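> Pasting the sequence and the predicted coordinates here, then a few questions.
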Amino acid sequence: IGMHISPYEKGNIFNREPRRERKLLMHKREIMKLCGQVEQKGLTLVPLSLYFKGSHVKMGVGLCKGKKLYDKRESEAKKQASREIERSFKKGFALACYKLGMSFKDIALKNNVSVTQVMRYFDSYVHVPRPVHLPVNLGIDEIHSDMAKYGSAYLCVLVDNTERRVFDILPSRSKHELKKYFEQFPPEERNKVRYVTIDMWRSYYDVAKQMFRRCEIAVDPFHVVKHLIFAFSTLRISTMKQVVYGSPSYYLLKKWNWLLTTNDVDLDNKKVMNHVFNRYMNRRDILNEILMINDDLAIAYNLMKLYQDFNRSCPPEEAEPQMNMIIESFAAAEIPYYKNFLTLLYDWKAEIINSFPRPDGRKQSNSFTENINSQIRTYLSVTRGSSNFERFHRRIMYCLNDNVFYSCTSFLTSLKTEGKKRGTYSTNKHTSTI
């Protein structure tokens, strides 16, 4: 059959020729039978398999007969139809996987295949290249998940705020894992990062300071305002508990609390009859009544609005002097419920000021990252929680990163991970006598 078997490299003069003729080791009767069949028209002896058995290499052979012309046409038509069906399925499969609102089970039901087969296709066709270049404007955030590793309860989400896409997802937000990840990039690449936006997680700050020497670290404004509203809401609830249950003050603080924390509300709406106060009132009248309940509540409300206006409309060049004025105002008010927020302003003052410059035409924030987290939560909700991080990582990157592509291959693999080992069970037979 012209088989080439390379000689042993460390052999000697007794090595065999690579293409020497080799005897067919069969019984004479079997050889005569095969020779008789081979001499018939259209029959050929061909090798089928090659395998080891002990110290010997054995070959399986078989007799075959060539196809007629009409058989070839029929086979070619079946192959062509099969290729068209497979091509159509793969195209629809690629589009379906691009939608985070569809789980692998939904895709399997739509295409009448098993969930396992869909996962094998996805694991084989989608490949996430290792990032080479770091973004100039990097956003860091986290999302809670049971897939988190290395003692963490959160996955770390990295986004490119300039290109508006997911950069990568890490299985942990710990300082050690973040440093280990960014150390894979050379120093000259890390020096290209000029802006890093984070929430107030100290590990992010320490890693950004150590890894990106030339960057400006900005705190996400949304998280600062969130802490402020929480502190004000704590004061409101405390005030509500001090007034008489069922009184007009309790009614205002309980039912109309949204009026204190919601922005862009039309306060001068049409007046309607309020049966608690027995007079016509609009939202501005309601707000004035709330602020008259307690002096600390009125002062805290005005401070909250002062910071929100500063956060929303302050020009970058005026951020530092206005920030100093706001800190002085909060400190002079001496409201106990704002003590933690005032500490936050002192600790993160420089990072809050760094959020006002607009390098990409928009204020530095993690708003895009929060949008990404919302889409990830949707996917986790649809799949009812995912346990395979590698497959989850590929799916998110495939949907939310333009640099990840889909390519078909005939070699199928699987990213299946081992599940939890089953415990030991003992069968105790209980017998009873009557």
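That came in fine, so what should we check first?

> So residue 46: helix, strand or coil?
Following DSSP: H, G, I helix; E, B strand; the rest coil, residue 46 is assigned to strand.

> mind pulling up the phi and psi values for the closest residue to it other than its chain neighbours?
In this structure, residue 46 finds its nearest non-sequential neighbour in residue 64, 5.5 Å apart by Cβ to Cβ, 6 or more residues apart in numbering. From N, CA and C alone the C-beta is placed, and that goes for glycine too. As for residue 64, its main-chain torsions (degrees, to the nearest 10) stand at phi -130, psi 160.

> Let's see the pLDDT reported for residue 64.
We have a pLDDT of 83 for residue 64.

> Repeat that for the one 4 residues further on.
With respect to pLDDT, residue 68 scores 73.

> Please name the bridge partners of residue 406.
Beta-bridge partners recorded for residue 406 (DSSP bridges): residue 126.

> Test my guess that it contacts residue 96.
No. When contacts are counted by Cβ atoms under 8 Å, residue 406 is not listed as touching residue 96 (11.2 Å).

> What ranges does the stretch 101-250 of the chain have for its helices?
Counting by DSSP state H, counting those that start in this stretch, the stretch 101-250 of the chain has these helices, from start to end: 104-111, 115-125, 175-182, 187-190, 202-211, 221-242, 248-255.

> a markdown table please, covering these and showing mean neighbour count.
Below are the helices of the stretch 101-250 of the chain laid out as a markdown table (neighbours: other Cβ atoms under 10 Å):
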| stretch | mean neighbour count |
| --- | --- |
| helix 104-111 | 17 |
| helix 115-125 | 18 |
| helix 175-182 | 17 |
| helix 187-190 | 12 |
| helix 202-211 | 17 |
| helix 221-242 | 17 |
| helix 248-255 | 17 |
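
> Output those helices as JSON lines; include the columns mean pLDDT and distance to residue 29.
What follows is those, written out as JSON lines (pLDDT from 0 to 100; distance: least, Cβ to Cβ, whole Å):
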{"stretch": "helix 104-111", "mean pLDDT": "85", "distance to residue 29": "53"}
{"stretch": "helix 115-125", "mean pLDDT": "86", "distance to residue 29": "47"}
{"stretch": "helix 175-182", "mean pLDDT": "94", "distance to residue 29": "69"}
{"stretch": "helix 187-190", "mean pLDDT": "93", "distance to residue 29": "73"}
{"stretch": "helix 202-211", "mean pLDDT": "94", "distance to residue 29": "77"}
{"stretch": "helix 221-242", "mean pLDDT": "95", "distance to residue 29": "87"}
{"stretch": "helix 248-255", "mean pLDDT": "94", "distance to residue 29": "101"}
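
> Among the ones you listed, which comes closest to residue 369?
helix 221-242 (10.0 Å; Cβ to Cβ).

> Which secondary structure elements does the closest one sit against?
Counting contacts by 3 or more Cβ pairs under 8 Å, 6 or more residues apart in numbering; DSSP states H and E, helix 221-242 packs against helix 248-255, helix 258-261, helix 295-313, helix 339-347.

> For the last one, list every residue counted as buried.
Within helix 339-347, the residues scored as buried using 16 or more other Cβ atoms under 10 Å are 341-342, 344-345.

> Take it, keep the C-alpha atoms, and write them as CSV.
C-alpha atoms of helix 339-347 as CSV (Å, rounded to 0.1, in the frame of the first residue of the first chain):
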residue,chain,number,x,y,z
LYS,A,339,-20.8,62.3,58.7
ASN,A,340,-19.9,59.2,56.6
PHE,A,341,-20.6,61.1,53.4
LEU,A,342,-18.4,64.0,54.5
THR,A,343,-15.6,61.5,55.2
LEU,A,344,-16.2,60.2,51.7
LEU,A,345,-15.7,63.7,50.2
TYR,A,346,-12.5,64.2,52.1
ASP,A,347,-11.1,60.7,51.1
